[in-house]
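[1] give me coordinates for this.
(4 chains)
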Number of protein chains: 2
Amino acid sequence: MNTQALSKTYRPLLEKAALKTTKPRLLVLDTLTKSKIPLTAQEIHSQLSKSKIDQATVYRNLQSLTDAKIIRLVNFQHDHNHYEVANNHHHHAICESCGKVVDISKCDLSQLEKNVKSISGFSTINQHSLEFFGLCTKCAKKSAQ
Amino acid sequence: MNTQALSKTYRPLLEKAALKTTKPRLLVLDTLTKSKIPLTAQEIHSQLSKSKIDQATVYRNLQSLTDAKIIRLVNFQHDHNHYEVANNHHHHAICESCGKVVDISKCDLSQLEKNVKSISGFSTINQHSLEFFGLCTKCAKKSAQ
DNA sequence: ACGGTAATGCAAACCACTTGCATTTCTAAT
DNA sequence: ATTAGAAATGCAAGTGGTTTGCATTACCGT
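    Numbering: from 1, shown residues only, chains lettered A, B, ... in the order given. Below is the predicted model:
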């Protein structure tokens, strides 16, 4: 997809956040949008190697897009931060052996959030992060051997 | 508390994991045990500055203790890894403004975990990570001004 | 088209974390 | 107790992901 098409798609979103519609920003955002799993800065950068986007630019865009809540930081038990587009809230099951990631779409923590508010005294809970760690079928078989 | 007392306290736990009962290891483990909130490697190291424990040793012990499941990696939306002792499973509410951490002890995700298994196809779920992000009372007031 | 501002690219700097290696400390078996 | 082997430590150097400074470029409202 060329830059013009991307621009058409994402400009409204970026405008709302007062972010300029630049080619590198469009590419970063589009990469995350198309990905089925959360990505690290480096993964994004290497996927965009043909486009000659600078590493620093990728990092800066991940920051600005996160600030704008267009994308979101996901907590994997990993050193490197992973990002995903912020709409379409869901969680993940992560294989501790091979790193496979499966989306878990069901999420009803409304009751739990109420408890959290009363326990913590926090007036607002803006977001939560919930990830499950275990073994995928393949790795479970392997480790059984 | 001196090393001998610490040794008495933690030796059984370490023995079970086939880890040697060394002074640096005892100090790292004790620091985490005494802390009300999860700590980073650097926080632990600076708390132990009097004891002249090397940074590398702190990192290596966090690794070995995590492998042994005596401590656990906690996912804050932060770059640096935080650790807590693994028993006494609970979650956290984290203020996005000041970083305040409140323990949330209530946690019943058993039903959710069943769903996760069936959706993901994972045969085993070993652990999960659940954190809430919002504003503590103080910061909510400040931002209201 | 133009001017101001945000964003980019490049290179250098930073800093958390890791690694290699010689030395020390455990621990279990003698 | 002694000792031998393995694990752990300290130190220093290395690594690599992320950030920053700065000059240049691209965006966008006027």
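
[2] where's the residue nearest to residue A:101 when sequence neighbours are not counted, which helix or strand?
    Distances taken as Cβ to Cβ, 6 or more residues apart in numbering or on different chains place residue A:37 nearest to residue A:101, at 4.5 Å, with adjacent residues excluded. Every residue, glycine included, has its C-beta placed from N, CA and C. Under the criterion DSSP states H and E, no helix or strand holds residue A:37.

[3] how about low-confidence regions in chain A?
    Residues of chain A meeting the criterion pLDDT under 70: A:1, A:106-107.

[4] and it, what are its domains?
    Taking automatic domain parsing as the criterion, chain A consists of the domains A:1-88, A:89-145.

[5] my read: the residue nearest to residue A:101 touches residue A:94, true?
    No - contact status for residue A:37 versus residue A:94: not in contact, 9.7 Å apart, counting by Cβ atoms under 8 Å.

[6] overlap in contacts, the two.
    Common neighbours of residue A:37 and residue A:94, using Cβ atoms under 8 Å, 6 or more residues apart in numbering or on different chains, are residue A:101.

[7] of the two, who's got more company?
    residue A:94 (28 against 16; other Cβ atoms under 10 Å in any protein chain shown).

[8] wait, a helix at the more buried one?
    No - looking at residue A:94 with DSSP: H, G, I helix; E, B strand; the rest coil, it is strand, so not inside a helix.

[9] got a list of what it touches?
    A:76, A:77, A:100, A:101, A:102, A:131, A:132, A:133, A:134.

[10] beta partners for it?
    residue A:101, residue A:133 (DSSP bridges).

[11] distance of it relative to residue A:105?
    Distance, residue A:94 to residue A:105, by Cβ to Cβ, to the nearest Å: 15 Å.

[12] go on, residue A:87?
    Distance, residue A:87 to residue A:105, using Cβ to Cβ: 13 Å.

[13] what is the neighbour count of the nearest residue to residue A:136 once chain neighbours are set aside?
    In space, residue A:136 comes closest to residue A:95 once its chain neighbours are excluded; the distance is 4.0 Å by Cβ to Cβ, 6+ apart. Neighbour count for residue A:95, taken as other Cβ under 10 Å: 20.

[14] for residue A:95, what are its contacts?
    Applying Cβ under 8 Å, 6+ apart to residue A:95 gives the contacts A:101, A:134, A:135, A:136, A:139, B:122.

[15] now, which of those residues lie close to DNA strand C?
    Among the contacts of residue A:95, no residue lies close to DNA strand C (Cβ under 7 Å from any atom of the strand).

[16] now these in CSV, with distance to residue B:45?
    Below are the contacts of residue A:95 laid out as CSV (distance: Cβ to Cβ, whole Å):
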residue, distance to residue B:45
A:101, 32
A:134, 32
A:135, 33
A:136, 36
A:139, 34
B:122, 36
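
[17] who wins for most neighbours among those?
    residue B:122 (25 neighbours).

[18] phi first, then psi, for that one.
    Main-chain dihedrals, residue B:122, degrees, to the nearest 10: phi -70, psi 140.

[19] residue B:85 versus that one, what's the distance?
    Separation of residue B:122 from residue B:85 (Cβ to Cβ) stands at 26 Å.

[20] and residue A:105, by the same measure?
    On the measure of Cβ to Cβ, residue A:105 and residue B:85 end up 33 Å apart.

[21] more crowded one of those two?
    Set residue A:105 next to residue B:85 and count neighbours by other Cβ under 10 Å: residue B:85 wins out with 17 against 10.

[22] need the contact list for the more buried one.
    Contacts of residue B:85 (Cβ under 8 Å, 6+ apart): B:29, B:32, B:33, B:70, B:71, B:72.

[23] so it bridges to which residues?
    On the basis of DSSP bridges, residue B:85 is bridged to residue B:71.
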